[in-house]
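[1] Need coordinates for the following:
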Amino acid sequence: MQARAAIKTFAKDIDRRFGIRPWLRGEPRGGFDLAGEKVIDWGWICANLPRSKQRALEIGCGNSPVLPTMLALGYDVVGVDLDATVANEISGFTFIQGDFNQVQIAEGFDVIVACSAIEHFGLSGRYGSAEDQDGDLKAMRKMAKLLKPEGQVFLTIPVGTDMVFRPWHRIYGEIRLKSLLEGFEVIQARFLVKKPWGPWHEVSRDTAMQAPADQARYGLGEMLLRTI
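    Alright, predicted model coming up:
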């Protein structure tokens, strides 16, 4: 058993060093050091969803547990994603397949969720989006128009130093984040970072925004927004 465990550990170390399997999955060499990112984001969103019935939109819903949580709370839910798998697995909501910036959606949402999605908008080559350097900003402006006056946005994004790593993601530093949040105010927020290949832990906003960031890892920003 000890020999088997040693071989397994050795194989993981080799794969981490040379990044063969991540490279085959379309990730950067060495892979993403982001394990647990979405689980943490999903947990924070689900814990803070309003407990009364709402009309809600989830952007990039994929296999998110947020959508079925909203349905369990009695929400009237619309989901948008490039992949239609979720529509074959869950019923009771309206599914729209396509790029959020391109599809037509009726206005009047109480809640909009964009979990680990906005950072990919306008970066072609991975998720099928068209190249648009301001695709993320356009998505935020569109969300503002879709909200009711007292509506809220749950937004989770990579934070750190302003960078763009095509085709994977943007990282939002002070410059791009200011543009991203134009027209919104932050009413609740949480920030997290992780040591290389270690667990996530909560930190101050300043610590997260100053955390070293590269294509493999970054800080997390979880924000509840409303329009100004």
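[2] by contact count, what packs against the helix or strand harbouring residue 136?
    Using DSSP states H and E, residue 136 falls within helix 135-146. Contact here means 3 or more Cβ pairs under 8 Å, 6 or more residues apart in numbering; DSSP states H and E; on that basis helix 135-146 packs against strand 55-59, strand 109-115, helix 174-180. Quick note: C-beta positions are derived from backbone N, CA and C, even for glycine.
[3] and whichever helix or strand comes after that helix, how far from the chain's centre?
    Per DSSP H and E, the first helix or strand lying C-terminal to helix 135-146 is strand 147-159. Relative to its chain's centre, strand 147-159 lies at 12 Å (Cα atoms, centre = their mean, to the nearest Å).
[4] hmm, who's touching the following helix or strand past strand 147-159?
    For strand 147-159, the succeeding helix or strand toward the C-terminus, using DSSP H and E, is strand 163-165. Defining contact as Cβ atoms under 8 Å, 6 or more residues apart in numbering, one finds that strand 163-165 is touched by 28, 123, 170-171, 173, 213-215.
[5] Which positions within the helix holding residue 136 qualify as buried?
    Residues 135-137, 139-140, 142-144, 146 are the ones in helix 135-146 that count as buried (16 or more other Cβ atoms under 10 Å).
[6] Contacts for it next, please.
    57, 59, 100-101, 105, 107-109, 112, 114, 118-119, 121-123, 129, 132, 153, 170, 179-184, 227.
[7] relative to strand 109-115, how tilted is it?
    Relative orientation of helix 135-146 and strand 109-115, computed by axes from the mean of the first three to the mean of the last three Cα atoms, to 10 degrees: 160 degrees.
[8] tilt between helix 135-146 and strand 55-59?
    Computed by the same axes, to 10 degrees, the angle separating helix 135-146 from strand 55-59 equals 170 degrees.
[9] Quick one: distance of helix 135-146 to the chain centre.
    Worked out by Cα atoms, centre = their mean, helix 135-146 lies 15 Å from the chain centre.
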